[in-house]
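> Next input, structure requested:
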Amino acid sequence: MLHRGQESTDGTGGGELVVPMAWLYAEYIADELLRTGDLMPPTSMEFRAGRDALALTIFLSDKDGELSGIRVVTQLETWLSLTAYDQPWQDWVRERMADLTAVAAESCAPAPDLDLAEAAWRWLEETELLAPDLNAVPGGAVGVGEDEGPKVWTKAWQLGLPLGHLAIHLF
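Got it, this is the predicted structure:
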């Protein structure tokens with residue numbers, strides 16, 4: 001029972017705080033996958049790009065709203081296929097976001113999970129990170145070190161998605 005001044009997490013009361021548990025859980029899973037893979041420092045922008053891309057994949061692939069700790073291992077193959085190089089991930093994200101936005105508009109209920117997912121997607125699309133040019137001609141650069149080769153500005157999702165995919169593989 002709610003008492004005056006207490007807040008609910010289920011969104012059933014009027015004007016009460018609705019906690020975005022689905023998004024927070026997806027973000028937690030993504031964070032753990034990336035930390036386990038130990039691919040980037042957790043404080044780097046690349047890590048954030050990978051975490052947000054993975055969190056979006058996890059959140060948007062959960063069509064039934066039943067993402068639970070027990071099902072994480074069974075979802076790894078699904079997430080691998082969604083993040084694979086030859087898949088149109090960004091188109092899939094746009095479609096799923098549009099579907100969820102339409103459902104939220106119909107229900108007229110607060111959608112804090114969707115709000116956070118939209119913010120992550122906006123950041124991934126609008127932010128560019130300086131990354132090694134993987135399409136550069138081999139042998140064209142004199143330097144062989146990580147910081148010495150040619151670099152290009154890359155959308156954050158284009159850098160984060162393969163990072164997330166690799167983290168799933170390493171898990």
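
> Kindly indicate whether residue 43 is helix, strand or coil.
At residue 43 the chain is in coil, as set by DSSP: H, G, I helix; E, B strand; the rest coil.

> That one and residue 133, how far apart?
Applying CB to CB, to the nearest Å, the value for residue 43 to residue 133 is 24 Å. Yep, even glycine has a C-beta here, placed from its N, CA and C like the rest.

> more neighbours, those two?
The neighbour count for residue 43 versus residue 133, taken as other CB atoms under 10 Å, is higher for residue 133 (15 against 7).

> In contact with that one: list those residues for me.
Contact analysis of residue 133 by CB atoms under 8 Å, 6 or more residues apart in numbering lists 149, 150, 151, 152.

> Adding secondary structure and pLDDT, write those out as a markdown table.
Shown next, in a markdown table, are those (DSSP: H, G, I helix; E, B strand; the rest coil; pLDDT from 0 to 100):
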| residue | secondary structure | pLDDT |
| --- | --- | --- |
| 149 | coil | 74 |
| 150 | coil | 84 |
| 151 | strand | 84 |
| 152 | strand | 86 |
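
> Most neighbours among those, please name it.
For these, neighbours tallied by other CB under 10 Å; top is residue 149, 15 neighbours.

> Tell me how far that residue lies from residue 37.
23 Å.

> longest helix of the chain?
Ordering each helix of the chain by length in residues (DSSP state H) puts helix 89-107 first.

> Next, the buried residues of the helix or strand just after it.
On the C-terminal side of helix 89-107, the nearest following helix or strand under DSSP states H and E is helix 112-126. Across helix 112-126, burial judged by 16 or more other CB atoms under 10 Å covers 112, 113, 114, 116, 117, 120, 121, 124.

> Throw those into JSON lines and include distance to residue 168 and pLDDT, thanks.
Shown next, in JSON lines, are those (distance: CB to CB, whole Å; pLDDT from 0 to 100):
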{"residue": "112", "distance to residue 168": "26", "pLDDT": "87"}
{"residue": "113", "distance to residue 168": "22", "pLDDT": "89"}
{"residue": "114", "distance to residue 168": "24", "pLDDT": "92"}
{"residue": "116", "distance to residue 168": "21", "pLDDT": "94"}
{"residue": "117", "distance to residue 168": "19", "pLDDT": "95"}
{"residue": "120", "distance to residue 168": "18", "pLDDT": "96"}
{"residue": "121", "distance to residue 168": "19", "pLDDT": "96"}
{"residue": "124", "distance to residue 168": "17", "pLDDT": "96"}
